[in-house]
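Q: Quick one, fold the following:
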Amino acid sequence: MNVMTMPSEGTVEKELLDFLHVRTKTVWEEDTDLFAAGGLSSLFAMELVVHLEKSYGIAIRGADLRLDNFRTVTGMAALVRRLRAAAGDGGE
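A: Model prediction:
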């Protein structure tokens, strides 16, 4: 995977929805609160952090590790795009 290319709009969401489907055996919507719906535990959220870092060549640290950034697929995709843009890999 080329981690130096900025993911296009919708690509991160689709990849995350696919990842979540495989891992949880549940079909999710982009704006579903995964914690409220019982789809994520804090342990699984940390697995998501590792997945996002490896898949998109980002480092999620400090304030970005808030659970709110991982509640929805939309939120996670926004975090990926923001961190990629901040790293100079393309932007908003």
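
Q: elements contacting the worst-scoring helix or strand of the chain on mean pLDDT?
A: When the helices and strands of the chain are compared on mean pLDDT, DSSP states H and E, helix 42-56 comes out lowest with a mean of 91. Secondary-structure packing of helix 42-56 (3 or more CB pairs under 8 Å, 6 or more residues apart in numbering; DSSP states H and E): helix 11-24, helix 73-86. Glycine gets a C-beta too; all of them are placed from N, C-alpha and C.

Q: Repeat the analysis, applying 7 Å as the threshold.
A: helix 73-86 (3 or more CB pairs under 7 Å, 6 or more residues apart in numbering; DSSP states H and E).

Q: how far does the helix it packs on sit from the chain's center?
A: 7 Å (CA atoms, centre = their mean, to the nearest Å).

Q: Buried residues, that helix. List them.
A: 73, 75-77, 79-81, 83-84 (16 or more other CB atoms under 10 Å).
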